[in-house]
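In: The sequence isn't on hand, but the structure is:
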């Protein structure tokens, strides 16, 4: 996309007026989206996104701009315009870039460009066919397939110059069940930082039927009766609780500003002894994994909480200057149009020693949150409100009747301290996380956990 010598020239121009760090991020991304609604293809879109971002730092202060013009003249003009934000003598006169090889931790077997439109649509057809005649209460079936193939160049005034490729493939199914009086929706998703092989390894027909069963069960469920109780949050997407209510508050985006409930608590006990929480961008082909972050730093396995003790924050280069904390390979952005900042990759509670069956059997009364939904959280306080998409009561150590409309209310700091059982059944789910640097792929995960004294809302 951009020659190394041109990158050097652009970075040198950026530092002519006293900046102490300059960075260039270029991308070329091809993406495709397909959607089918009740057997009819309702959306097919293809996009090519390309552009270059130039960022200059002077201490913690930052200027950032971008262009779609890759020419040397355009990039120099943008660089000089941004450099006009500073008015001091240059501290760095020459930038020497050394190209480094990027270790590929996310191999691709079936590249999106090698899979035809017909093949991609057939994935959705299989979902629809599996549910034909399955139940008269199924009123709508929506499935979607998405792929994205991105090539990037990252160069900075510290001498870094590298190229990387990121490829994501994703399938989502949503089933609506109705009885003429009310409706309920259930959804499932699969994907990875991989080609279409990450979809091929799944039984799509079983996935479709499991989704439909969940929607039908919730259609006939009683309304949740709220109160303070024990809550068992299931594995997989239950990890959204950790992601939203806890780890957003461990990102330097909040911590560096002093607006996190976990500020200045490194080395302190913030969770129960059995709690270890990790953000790991190195898991092969995981949805949130990267070979390098968007500053060119290799991703890492960052232990955030170990046996209840806060060990690390998630920190990008700019915030590391303010926090005096090592970078953690956590700098991410949606595209060249966004300035990068600290973000999650694959975030999860480490497995415990309990068995799922024992957690249920040892719970006298409570809520089993089998599938979590969306919600809201305030990173400065960790206070949250999450919907439970699929819930069941636990009575005398057994999962009993389904309940709908349950919400979990509390704070991340509370939850961490009130976890008293963790199973050994770690699983992951895929989502898109929105924050200051846009929307990015992240995995959430956990084993089944039990939390005491949670506030559960409901309309029953």
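Out: Right, received. Where do you want to start? Since the model is a prediction, treat every value here as computed from it, not as a measurement. Numbering: from 1, shown residues only.
In: Contacts only, for residue 39.
Out: Applying CB atoms under 8 Å, 6 or more residues apart in numbering to residue 39 gives the contacts 125, 128, 141. C-beta here means a position set from N, CA and C on the backbone, and glycine is covered the same way.
In: Just those: which are in helices?
Out: Taking DSSP state H, the ones among those that sit in helices are 125, 128.
In: between the contacts of residue 39, which has the most around it?
Out: Within those, neighbour counts (other CB atoms under 10 Å) peak at residue 141, which reaches 24 neighbours.
In: From what I see, that one and residue 128 are in contact.
Out: Yes - between residue 141 and residue 128 there is a contact at 5.6 Å, judged by CB atoms under 8 Å.
In: these two touch, right, residue 351 and residue 423?
Out: Yes - with contact defined as CB under 8 Å, residue 351 counts as touching residue 423 (7.2 Å).
In: Please state the offset of stretch 100-114 from the chain centre?
Out: 20 Å (CA atoms, centre = their mean, to the nearest Å).
In: ok, back up a step: what residues are shared contacts of residue 141 and residue 128?
Out: Joint contacts of residue 141 and residue 128 (CB under 8 Å, 6+ apart) are 36, 38, 39, 208.
In: So among those, where is pLDDT lowest?
Out: Lowest pLDDT among the shared contacts of residue 141 and residue 128: residue 38, with 92.
In: Spit out the contact partners of that residue.
Out: The neighbours of residue 38, taking CB under 8 Å, 6+ apart as the test, are 128, 140, 141, 142.
In: which residues in the stretch 51-200 of the chain form strands?
Out: With strands called from DSSP state E, counting those that start in this stretch, the stretch 51-200 of the chain shows them at 61-67, 98-99, 138-156, 160-178, 183-192.
In: about what we covered before: which one of residue 351 and residue 423 is surrounded by more residues?
Out: Neighbour count, other CB under 10 Å: between residue 351 and residue 423, residue 423 has more, with 24 against 17.
In: Report the beta-bridge partners for that one.
Out: Counting by DSSP bridges, residue 423 forms beta bridges with residue 354.
In: In stretch 293-312, which residues are buried?
Out: 293-297, 299-300, 302-305, 308-310, 312 (16 or more other CB atoms under 10 Å).
In: got any ranges where the stretch 351-460 of the chain has weak pLDDT?
Out: Within the stretch 351-460 of the chain, no range satisfies pLDDT under 70.
In: Helices of that one, start to end?
Out: 356-361, 412-418 (DSSP state H, counting those that start in this stretch).
In: out of these, which comes closest to residue 330?
Out: helix 412-418 (18.3 Å; CB to CB).
In: Show me the shaky parts of the stretch 151-300 of the chain.
Out: Of all residues in the stretch 151-300 of the chain, none has pLDDT under 70.
In: for it, what spans make up the helices?
Out: So, for the stretch 151-300 of the chain - with DSSP H, counting those that start in this stretch - the helices run 197-200, 204-219, 240-245, 252-255.
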